[in-house]
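[1] When you get a sec, could you give me coordinates for this:
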Amino acid sequence: MIPKVSPWKKNTVAAMTEMLNSGGTFAIIDIHGVPAGAMLGMRAGLRGKMAVQVAKKRLMKIAWEATGNDFADLEELYSSAIQPALVQSDMNSFEVFTELKKTEAGRAAKPGDIAPHDIIVEKMDTGMPPGPIVGDLNSVGIPAKIVKGSVQIQKQVTILKEGEVFEGELGMMLSKIGIEPIVTGLRLCGTIEDGTSFKPETLDIDYEKFESDLISFGAGGFNLACNIRWFTSQTIPTLLSKASGEALAVALEAAIVTADTLPHLIGRANRGAMGVAGSLSADALDEELSQLLGAAASAAETAAVAPSSEDAPTEAEAEDEEEEEEGGFDGLGSLFG
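    Residues are numbered from 1 along each chain as shown. As a prediction, this is how the structure comes out:
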């Protein structure tokens, strides 16, 4: 006699087969410990991003093999799942991990729960008023007493080691002081994308640090390329600008007259001449040159007391400076005959 297969099992296998034939990224998640109400909310939040089908491992195997996939890949993924579910998405594995990570939330530990890590209670002021809570905390090994009208934890203490089991009222007492160590959510067991399997630890990337590292590495590479004069489309503008600046400095040092160096050379000569004129007695200066020296001294005093400004000189100011320089040369011409 051929055993009769329940319709819901056929429907479940058909739904998973359709998911697997859709392509994209496949994942196995563990929904163990997720309350039914929370599960509904999580699935609603993921709607449009990924499809989730809860199924027994045997039915999942049937659908997996029916679509020509290697069962060894699936077995490796759901080996760590207590209550597995199949996920299909058009997102890549990293995006799937990130979305599933958002479903995680802490809850209070219940008797029988296993500590996922060392449960450490720090020395602190709980902010709770005096009451029976002091005795309750001490009864589960948390040293507490009343200090200045508030319940305080007296010292840091490790309540449970990783892998140990919660018993009695410990979980509830920890919850009262803000410690909810049991993480619930859609825990990713692994993904398969384009024939490649990814473990959760591989997909767990700090994107902000990754972006910062990329920027740092890019800047370091750019600086190195510029220092060794490696010509690329990115470094050429910087290298040309640096070469131009160095060439201008050499030309000025050698007093080579060009359209670029002439304004700098004239300005330097003018400043030198004004310095010479300033060292002479007032009797040796004509009226125009005396006025120029006086104006320069007044400008220097004003600059010393006025707040600094990063604003560039206006066009009118630049024209005035040029006129002053021209006047200075006229005065010096008269001085030196």
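[2] which stretches of the chain aren't confidently modelled?
    Segments of the chain classed as low confidence (criterion: pLDDT under 70) are 1-3, 282-286, 288-337.
[3] would you list every one of the strands in it?
    If you assign secondary structure with DSSP state E, the strands in the chain sit at 25-30, 50-54, 84-89, 105-107, 119-121, 124-125, 144-147, 150-153, 157-160, 182-184, 187-193, 196-198.
[4] Tell me which of these lies nearest to D113.
    Each of those was checked against D113 via CB to CB, and the shortest separation belongs to strand 182-184, namely 5.4 Å. To be clear about C-beta, it is placed using only N, CA and C from the backbone, and glycine gets the same treatment.
[5] circling back to that earlier point, how about the strands of the chain in TSV, adding mean neighbour count and distance to A72?
    Listed next are these as TSV, based on neighbours: other CB atoms under 10 Å; distance: least, CB to CB, whole Å:
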stretch	mean neighbour count	distance to A72
strand 25-30	24	13
strand 50-54	19	21
strand 84-89	23	16
strand 105-107	15	33
strand 119-121	18	37
strand 124-125	12	50
strand 144-147	14	53
strand 150-153	17	50
strand 157-160	16	37
strand 182-184	17	29
strand 187-193	22	11
strand 196-198	14	10
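[6] What are the buried residues along stretch 208-215?
    Judged by neighbour count (16 or more other CB atoms under 10 Å), stretch 208-215 contains no buried residues.
[7] Distance from it to the middle of the chain?
    Computed by CA atoms, centre = their mean, to the nearest Å, the chain-centroid distance of stretch 208-215 equals 6 Å.
[8] One more: stretch 104-112?
    What separates the centre of stretch 104-112 from the centre of its chain is 30 Å, taken as CA atoms, centre = their mean.
[9] CA atoms only for it - export them in CSV, please.
    The C-alpha coordinates for stretch 104-112 follow below in CSV (Å, rounded to 0.1, in the frame of the first residue of the first chain):
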residue,chain,number,x,y,z
GLU,A,104,17.7,40.4,15.9
ALA,A,105,16.7,41.7,19.3
GLY,A,106,17.5,40.8,22.9
ARG,A,107,15.1,39.2,25.3
ALA,A,108,15.2,38.1,28.9
ALA,A,109,16.6,34.7,29.6
LYS,A,110,14.3,31.9,30.6
PRO,A,111,15.0,28.8,32.7
GLY,A,112,16.7,26.3,30.4
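[10] quick one: contacts of it?
    Contact with stretch 104-112 is made by 115, 165-168, 170-172, 174-175, 180-187, as judged by CB atoms under 8 Å, 6 or more residues apart in numbering.
[11] The residue most central in space within the chain and L214: what is the separation?
    Within the chain, the residue whose C-alpha comes closest to the C-alpha centroid is E208; the distance, by CA atoms, centre = their mean, is 2.1 Å. Note on E208: its distance to L214, by CB to CB, to the nearest Å, is 11 Å.
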